[in-house]
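*Asks:* next comes the sequence, and after it the predicted model I'd like to discuss.
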Amino acid sequence: MNNYFVFNAVKTVKSVIMRKKAASAVIGEVLVMIVVVAMAALFKSGGIRFIQDIWTTMTTTASQMFAS
């Protein structure tokens, strides 16, 4: 009888863990979709150029700082 209860407890815990993993995967997929849509919006509105300018300025400044 004890084995029956232990088996059911393990089965219950396993099902809870599997649901959490599935939920994590769904959350990850949603976040990726949001990032892709945001990047597409930035690209369309010229935001990518702005980000590239910031990146160029940062790398140039960092290179000059470490070159001195």
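*Replies:* Sure, I can see it. Numbering: from 1, shown residues only.
*Asks:* count the neighbours of A25 for me.
*Replies:* 10 (other CB atoms under 10 Å). Just so you know, the C-beta spots here come from the backbone N, C-alpha and C atoms, and that holds for glycine as well.
*Asks:* just the buried positions in the helix or strand T61 falls within, please.
*Replies:* When elements are assigned from DSSP states H and E, T61 belongs to helix 47-67. Residues of helix 47-67 classed as buried: none (neighbour count, 16 or more other CB atoms under 10 Å).
*Asks:* restricting to C-alpha, output it in PDB.
*Replies:* Output of helix 47-67 as PDB, limited to C-alpha atoms (Å, rounded to 0.1, in the frame of the first residue of the first chain):
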ATOM      1  CA  GLY A  47      15.500  52.600 -35.500                       C
ATOM      2  CA  ILE A  48      18.100  50.100 -36.600                       C
ATOM      3  CA  ARG A  49      20.100  53.000 -38.000                       C
ATOM      4  CA  PHE A  50      19.900  54.800 -34.700                       C
ATOM      5  CA  ILE A  51      21.100  51.600 -32.800                       C
ATOM      6  CA  GLN A  52      23.900  51.200 -35.300                       C
ATOM      7  CA  ASP A  53      25.000  54.800 -34.800                       C
ATOM      8  CA  ILE A  54      25.000  54.300 -31.000                       C
ATOM      9  CA  TRP A  55      27.000  51.100 -31.300                       C
ATOM     10  CA  THR A  56      29.500  52.700 -33.600                       C
ATOM     11  CA  THR A  57      30.000  55.600 -31.200                       C
ATOM     12  CA  MET A  58      30.400  53.300 -28.200                       C
ATOM     13  CA  THR A  59      32.900  51.100 -29.900                       C
ATOM     14  CA  THR A  60      34.900  54.000 -31.200                       C
ATOM     15  CA  THR A  61      35.000  55.700 -27.800                       C
ATOM     16  CA  ALA A  62      35.900  52.400 -26.100                       C
ATOM     17  CA  SER A  63      38.700  51.800 -28.700                       C
ATOM     18  CA  GLN A  64      40.100  55.300 -28.100                       C
ATOM     19  CA  MET A  65      39.900  54.900 -24.300                       C
ATOM     20  CA  PHE A  66      41.900  51.600 -24.300                       C
ATOM     21  CA  ALA A  67      44.300  52.800 -27.000                       C
END
